[in-house]
Structures are given as C-alpha cells and as structure tokens.
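Engineer: This is a predicted model, with the sequence first.
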Amino acid sequence: MFTLCNPAYQTLVGETRKVIGRTVADAIPEAREQGFLALLDQVMTSGVPYVGRRIPFTAVDVAGAVAKPRYLDFVYQPILDATGKPTGVFLEGHDVTDQVESERLLELAVEQRDAQARIFDIALSSIQDFTYTFDREHRFTYCNRALLALLGLRLDEVVGKSFLELPYERGLAQQLCDEIENVFTSRRQVVGVTYYMSPTGSDGHFEYIFNPVFSPNGAVVAVAGSTRDITQRLNQERMLAELIESERTARADAERASRMKDDFLATLSHELRTPLNAILGWAEVLRSGKLSPEKMQDGLERIARNSRVQAQLIADLLDVNAIVTGKVHLNRERIQLQTPLLAAFDSVRLDASNKGVSLVLSKLDGERELFADSRRLQQVFSNLLTNALKFTEAGGSVDISADFSEDAVVIVFADTGIGIKPDFLSHLFERFSQADSTSTRGYGGLGLGLSICKSLVELHDGDIVATSPGHGKGSTFSVTLPLSLESEPVARLQPQEKFRSGAMPSDDEARALRGRCVLVVDDDHDGASMLITLLGQYGAETVFAQSAEEALSVIEATPVALMLLDIGMPKTDGYELLRQARKTTQAPAIALTAFSRPQDRQRASDAGFHAHVSKPIEPAIVVALCAEVLRVTLTAPQ
C-alpha cells in the first residue's frame with residue numbers, strides 16, 4: 001500500500017484520489033490493466049530495480065473519466081531489510097510527456113519534409129531542364145534526374161561535390177564555381193551560356209541561371225539553379241537569320257533587277273533614238289539636194305554607219321529573246337579556231353587603227369579543231385574585241401592569244417583599258433548590267449553583249465570568265481571551249497530543238513535516208529510500226545527488233561547504217577544495248593525516250609548516242625534528225 005505520495009504524483013493520478021494507506025490496486029485500479037502492478041510484483045519478488053523509459057500511463061478518475069495519456073521515465077527501487085529481503089518499493093519518476101510529444105512533432109516534420117522533398121524531386125525530374133542547389137562551398141546539395149542522366153552518375157556520386165570534382169572541363173568548372181561565388185557575394189542572379197559535351201556523348205549549347213536563396217534574416221544560404229538545352233533554339237534562330245538574310249538578298253536582287261530594267265528601257269530608248277536621229281537628219285539634208293558631192297558622200301557614210309549600229313542593237317535584242325526562250329540553235333561542224341577568230345579580228349582592225357589602239361593576235365594552232373558554230377563564235381569574239389576597243393584609250397593595246405590543252409582551248413582577250421571595279425565583276429555577265437547607266441555615262445550600248453557572249457559560249461559547252469586588277473588597270477576575258485575528238489564522227493549530241501516540227505521534210509532534204517538500213521528497237525510495237533512506216537516513205541530499209549537480244553542478232557547478221565534505240569526496255573535498256581552493239585558496229589545511234597530532262601540528254605550523250613528524241617515523237621523532227629545524223633556521219637573524216 002501507499003505510505004508516501006508527493007504532490008507531483010498526486011497530480012499525475014488525480015488530485016481527488018486518496019492513495020495514502022491504500023493498496024495500488026485499490027487506489028489506482030487502472031494501474032493493473034496498464035501493467036504497473038505486475039512490475040511492482042516483479043521488483044518485490046526479485047529485489048531487482050526496474051527502470052522504465054517513456055512508459056505511457058493514462059489516469060481514470062472515480063467518475064470514469066479518462067485523462068490525457070502521460071509519458072513517464074521512472075525507477076522502481078526495492079527497499080531491503082537487514083537480511084536483504086524486499087520490504088517495499090520506492091518510486092521516483094519524471095513526467096516526460098512534453099518531450100515525447102516534441103520529438104513526435106519533430107519526427108512528423110521530418111517525414112513531411114522528406115515527403116515534400118520526394119514530391120519536389122519527382123516534379124523537377126519530370127522536366128527536361130536540369131535543376132540543382134549548391135551550398136556555401138559550391139558543392140551540390142541536390143540535382144534532378146535529368147542532370148544525372150546527362151552526367152551518367154548517381155545522386156550520391158554528385159551530392160557533396162563541386163564542378164571541379166565532376167566530369168567538367170577544368171576551365172568551365174572553374175568558371176561555374178566563380179559564378180556561384182559571385183551569387184553569394186553579390187546577392188544577384190547570374191545567367192550564362194556555354195557549350196558542354198558530357199561523358200555520355202551528349203553535347204550542345206546550354207543556358208544556365210544561378211539564383212540566390214535567402215534565409216529569414218536576409219543572408220544568402222544557398223544557390224539554386226536551372227539549365228536548359230538551347231541547341232535547337234540556337235539552330236532555329238540561325239536558320240531564321242539565314243532565311244531573313246536570304247529574303248533580304250532576294251529583295252535587294254529584285255529591286256536591283258527592277259532598277260536595271262528601268263535603266264535598260266531608258267538606255268534602249270536613247271540608244272535607238274541616237275542613230276535614228278542621225279539617219280533621219282542626214283536623209284532630210286540629202287533630200288534637199290544642196291550638198292556638195294563630198295558632203296553627200298559623208299552623209300551617206302554616216303547613214304550607213306548609224307544603220308549598222310541600229311541593226312546591231314536590234315540583233316542583240318533578238319538574240320537575248322532567243323536565249324531566254326531557248327530558241328538559239330547552233331549549226332555545229334568541225335572548224336579550226338582561226339576561222340571565227342580571224343574573221344572577228346579583221347572586223348575590228350580598222351576601228352582599232354583609227355582609234356590608235358594596238359591590236360595583237362598571237363600565232364594560232366591551225367591543226368586543232370572545234371565542233372562549233374563558226375558564225376556564233378565569231379559573234380562572241382567580235383563582241384569581246386569591240387568591248388575591249390571601246391574601253392581602251394588611244395595608245396593602249398588589246399592582245400589575243402590561244403592556249404591549247406589535250407581537250408580544250410582557252411582564248412584570252414587582254415586589254416590595257418579602264419578595267420572593271422571589283423564590286424561590278426560579279427554582275428558583269430548579267431543582262432542589262434552596266435557599270436555606269438547614268439545619263440552622263442561615257443560609253444554607249446545596251447548592256448547585252450557580254451550576257452549574249454556568256455550564253456553562246458555555254459551553248460558550246462564552254463565557259464567565259466573575266467578578271468581585272470581594278471579600275472584603270474585593264475581587264476582580261478578568257479573563253480574556254482572543248483576541242484573536237486578525232487575518234488568521234490559526230491562530237492556532240494544533235495539537239496532535237498534544231499529541227500522544226502510541222503511540215504514534213506522533202507525527199508531531197510531527207511535523201512541521206514534513201515537506201516540506208518535503219519534498225520528500230522522498241523518494246524512498243526505500235527510506236528515502232530509508225531517509225532518503220534515513216535522512214536520507209538523516204539526510202540530507208542528498216543529492220544525491227546522488240547528486245548535487246550533480237551537487236552544484237554540483227555546487228556551481227558545485217559550491216560546497219562543507223563540505230564534508233566528505245567531507252568526504257570525490260571531486262572536490257574538502251575544504254576546497255578548500245579554498249580554491247582559497239583562490239584560489232586560503229587553505226588550512229590539515236591536515243592528514243594520519254595525521259596527528257598537535261599540530265600537525261602547528258603547521259604545519252606555520255607553513253608555515245610548521236611541524238612536524243614523525246615517521246616511523244618513528232619514525225620517531221622525524227623525524219624529530219626535521222627537524215628542529219630546520217631549526213632554528218634557520212635561526210636565526217638574517217
């Protein structure tokens with residue numbers, strides 16, 4: 001039974017309870033249910049003290065009301081007699097309820113913090129940006145999964161380390177550490193962009209932001225940051241800038257073309273009216289009949305000279321129109337370079353002498369041949385020489401030379417004239433382009449001559465370039481033309497466009513077909529029948545084969561003069577058929593095909609075809625083309 005109870009214990013079990021002189025079971029019956037009586041019995045029996053830590057106790061008053069549970073730290077200390085036998089128990093304890101509840105609140109706060117951290121990590125790891133935090137020593141205290149994936153590391157391999165201890169290039173790592181320190185000291189955000197290649201092989205340009213994290217007292221306690229891969233954005237910005245620049249350039253080109261057109265129309269009006277004014281004026285003066293014979297002759301010469309000028313202007317306009325519409329046709333044949341070049345030289349020799357300009361032509365190789373249109377090449381050379389004389393002052397010179405290589409010749413026209421400004425060189429061969437198009441310009445012309453030259457040279461599979469050290473230092477024009485190969489009876493592919501559609505050729509125009517054996521190879525029997533009937537009307541002896549195998553058999557058994565080969569045939573196409581046929585015959589071949597692109601014509605030429613006809617075939621064109629190919633082949637030197 002209780003023999004002593006202090007106020008604190010009385011408060012614990014209830015101040016209205018009478019405990020002194022009563023047993024524990026009688027005074028505090030709930031102590032039995034909560035195990036305290038058993039502990040007392042254990043101590044009384046064993047004589048061994050019992051120490052309890054944070055043991056819960058819930059008091060129940062006489063009315064049955066349950067009090068708030070309390071947590072106790074206590075000791076049941078046995079009281080021993082002289083023989084060592086327990087005669088009682090001394091209880092000493094402390095109410096630690098507040099401490100326990102504080103610890104539980106702290107544990108709950110920790111759990112909530114950990115839960116929030118997990119939610120925070122899950123949220124930040126679901127985005128593509130890299131997020132992280134740093135302590136005062138620039139060490140990582142957190143980073144999301146996106147950054148871990150980039151580095152190829154685990155979280156425990158990153159947290160607690162600075163950039164200097166992670167796979168970053170030394171200079172970049174030091175820069176980032178310095179910028180983190182800058183955030184701590186300046187208390188301001190830092191933004192930067194850098195290129196980085198990770199150990200996992202990923203690379204790109206990254207934009208990063210370091211932000212200060214403030215404590216309640218305003219001190220910077222950490223740095224939080226994020227990084228975004230901006231490689232795609234930079235690429236898009238670069239593409240947009242290029243597009244804008246391209247659009248700006250296109251607009252500038254369009255505006256320049258518009259100005260050139262306006263300038264050209266004004267120049268055209270001036271250039272046409274100037275000779276016309278002289279022609280009409282002198283015509284009226286001559287009609288008056290009041291001129292002396294000498295003046296009359298002078299007037300006639302002026303009318304003739306201005307008429308030639310106007311005729312040349314009109315010819316240039318017609319040539320430009322034909323070039324633009326693709327209607328320029330070359331009458332190619334084997335020629336020596338000196339034929340058109342000497343003709344051009346002779347046409348300007350008198351003008352050069354009258355102006356006091358030295359005109360020098362180096363010795364030419366008379367044995368090498370071109371497969372070209374002599375009249376058109378003379379036009380090119382005359383234009384270049386006329387230009388050189390126009391822009392070369394008295395006392396200057398124009399030198400012409402030719403340099404032959406194995407398969408080409410370069411004709412060089414070098415003058416000591418006014419030269420060409422560097423910014424105008426790239427526009428030199430454009431139509432209507434003139435270095436000076438103002439009303440005060442010192443030289444006439446429409447600005448078409450060099451454009452025509454370039455187009456005619458390119459039609460000959462050649463090239464023309466201009467160079468100049470600058471204004472006042474002369475200029476050089478170089479024309480490169482391919483030489484004719486002696487082993488080829490026809491050096492270039494005959495253009496289909498050379499022949500007009502419509503009226504059929506006369507028997508005399510197609511006489512080269514008469515009595516000639518023509519092999520027609522086409523898997524389209526109806527189309528081949530039309531060709532056989534058509535060529536037969538002009539006296540050709542036609543043979544038909546529906547496949548490459550049949551054609552090769554015919555070639556071995558019959559000497560053919562001309563082959564018309566369909567390109568698109570099953571198993572063996574026209575290109576392969578011609579390659580195999582060349583083992584037996586060197587007869588000229590014409591490609592028949594529905595493929596009519598420029599690259600298809602080039603491929604046919606490279607394969608050795610002498611002409612290329614696009615389907616659907618126009619009868620007048622195919623007859624004229626066959627006759628022309630036979631004529632050129634039969635008259636070519638053997």
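Structural biologist: Thanks, I have the structure now.
Engineer: Could you list the low-pLDDT ranges of the stretch 101-250 of the chain?
Structural biologist: 115-126 (pLDDT under 70).
Engineer: The spatially most central residue of the chain sits in which helix or strand?
Structural biologist: What sits nearest the mean C-alpha location of the chain, by CA atoms, centre = their mean, is Met239, with 8.8 Å. If you go by DSSP states H and E, Met239 is part of helix 231-287.
Engineer: What is that helix packed up against?
Structural biologist: Here helix 231-287 touches strand 203-214, helix 293-324, going by 3 or more CB pairs under 8 Å, 6 or more residues apart in numbering; DSSP states H and E. For glycine as for every other residue, the C-beta is placed from the backbone atoms N, C-alpha and C.
Engineer: Next, the angle from it to strand 203-214.
Structural biologist: 120 degrees (axes from the mean of the first three to the mean of the last three CA atoms, to 10 degrees).
Engineer: Pull the distance from helix 231-287 to the chain's centre.
Structural biologist: Its chain's C-alpha centre and that of helix 231-287 lie 29 Å apart, by CA atoms, centre = their mean, to the nearest Å.
Engineer: do stretch 523-538 as well
Structural biologist: Centre to centre, stretch against its chain (CA atoms, centre = their mean), the figure for stretch 523-538 is 49 Å.
Engineer: now stretch 416-432
Structural biologist: Mean-position distance between stretch 416-432 and its chain equals 30 Å (CA atoms, centre = their mean).
Engineer: buried residues in it?
Structural biologist: Neighbour counts over stretch 416-432 (16 or more other CB atoms under 10 Å) mark Thr416, Gly417, Ile418, Gly419, Ile420, Phe424, Leu425, Leu428, Phe429, Glu430, Arg431, Phe432 as buried.
Engineer: Next: stretch 364-380.
Structural biologist: In stretch 364-380, counting by 16+ other CB under 10 Å, buried: 364, 368-374, 376-380.
Engineer: taking those one by one, which sit in strands?
Structural biologist: Among those, DSSP state E puts Glu369, Leu370, Phe371, Ala372 in strands.
Engineer: Touching, the third one and Gly462? I think so.
Structural biologist: This points to Phe371. No: if you go by CB atoms under 8 Å, Phe371 and Gly462 don't touch, sitting 11.4 Å apart.
Engineer: Between those two, which contacts overlap?
Structural biologist: By CB atoms under 8 Å, 6 or more residues apart in numbering, Phe371 and Gly462 have these common neighbours: Pro482.
Engineer: ok so, going back, out of the helices and strands packed on helix 231-287, deepest packed?
Structural biologist: Greatest average neighbour count among these goes to strand 203-214 (a mean of 16), per mean count of other CB atoms under 10 Å.
Engineer: Quick one: list the elements packing against that one.
Structural biologist: strand 130-134, helix 170-186, strand 190-197, strand 220-229, helix 231-287.
Engineer: angle of the longest one against strand 190-197?
Structural biologist: It stands for helix 231-287. If you take the same axes, to 10 degrees, helix 231-287 sits at 90 degrees to strand 190-197.
Engineer: Okay, buried residues for stretch 51-61 please.
Structural biologist: Gly52, Ile55, Phe57, Ala59, Val60.
Engineer: Need the max-distance pair from those residues.
Structural biologist: Greatest spatial distance among the buried residues of stretch 51-61 (CB to CB): Gly52 and Val60, at 19.7 Å.
Engineer: Give me the contacts around stretch 531-540.
Structural biologist: So stretch 531-540 is contacted by 505, 507, 510, 513-518, 520, 522, 542, 544, 564, 617, 619, 622-623, 626-627 (CB under 8 Å, 6+ apart).
Engineer: can we see that at 10 Å?
Structural biologist: Here stretch 531-540 makes contact (CB atoms under 10 Å, 6 or more residues apart in numbering) with 504-507, 509-518, 520, 522, 524, 541-544, 561-562, 564, 592, 617, 619-620, 622-623, 626-627, 630.
Engineer: Endpoints of stretch 560-575, how far apart?
Structural biologist: With CA to CA, to the nearest Å as the measure, the ends of stretch 560-575 fall 18 Å from one another.
Engineer: quick one, what contacts the residue nearest to Gln338 when sequence neighbours are not counted?
Structural biologist: Computed as CB to CB, 6 or more residues apart in numbering, the closest residue to Gln338 that is not its neighbour in sequence is Leu364, at 4.6 Å. By CB under 10 Å, 6+ apart, Leu364 lies in contact with Gln336, Leu337, Gln338, Thr339, Leu341, Leu342, Ile400, Ser401, Ala402, Phe404, Val409, Ile411.
Engineer: I'd like to know which of those is nearest to Asn217.
Structural biologist: Once CB to CB is applied, the member of those that ends up nearest Asn217 is Ile411, at 89.1 Å.
Engineer: neighbours around the closest one, how many?
Structural biologist: 24 (other CB atoms under 10 Å).
Engineer: what about the strand or helix carrying it, distance to the chain center?
Structural biologist: Using DSSP H and E, Ile411 falls within strand 408-415. Relative to its parent chain, strand 408-415 has a centroid offset of 37 Å by CA atoms, centre = their mean.
Engineer: again, but for stretch 205-221
Structural biologist: Per CA atoms, centre = their mean, the centroid offset for stretch 205-221 relative to its chain is 41 Å.
Engineer: Quick one: end-to-end distance for that stretch.
Structural biologist: 29 Å.
Engineer: same check, this time on stretch 140-151
Structural biologist: Stretch 140-151 end-to-end distance (CA to CA) = 13 Å.
Engineer: Tell me the buried residues in that stretch?
Structural biologist: Buried residues in stretch 140-151, counted by 16+ other CB under 10 Å: Phe140, Tyr142, Cys143, Asn144, Arg145, Ala146, Leu147, Leu148, Leu150, Leu151.
Engineer: If the second one is in a bridge, with which residues?
Structural biologist: Going back to what we said before, that points to Tyr142. Thr133 (DSSP bridges).
Engineer: Make a markdown table from the contacts of Leu364 and add secondary structure, pLDDT and distance to Ala315 to it.
Structural biologist: Output for these, formatted as a markdown table (DSSP: H, G, I helix; E, B strand; the rest coil; pLDDT from 0 to 100; distance: CB to CB, whole Å):
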| residue | secondary structure | pLDDT | distance to Ala315 |
| --- | --- | --- | --- |
| Gln336 | strand | 88 | 25 |
| Leu337 | coil | 89 | 23 |
| Gln338 | helix | 88 | 24 |
| Thr339 | helix | 86 | 21 |
| Leu341 | helix | 90 | 20 |
| Leu342 | helix | 89 | 21 |
| Ile400 | strand | 93 | 23 |
| Ser401 | strand | 92 | 28 |
| Ala402 | strand | 91 | 26 |
| Phe404 | strand | 88 | 31 |
| Val409 | strand | 91 | 26 |
| Ile411 | strand | 92 | 22 |
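Engineer: Mind giving me the PyMOL select for those residues, buried ones only?
Structural biologist: Entered in PyMOL, the line below selects the buried ones among those, by 16+ other CB under 10 Å:
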select buried, resi 336+337+338+339+341+400+402+409+411
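Engineer: now, among the contacts of Leu364, which is nearest to Ser475?
Structural biologist: Distance to Ser475, by CB to CB, is smallest for Ile400 among these, at 13.6 Å.
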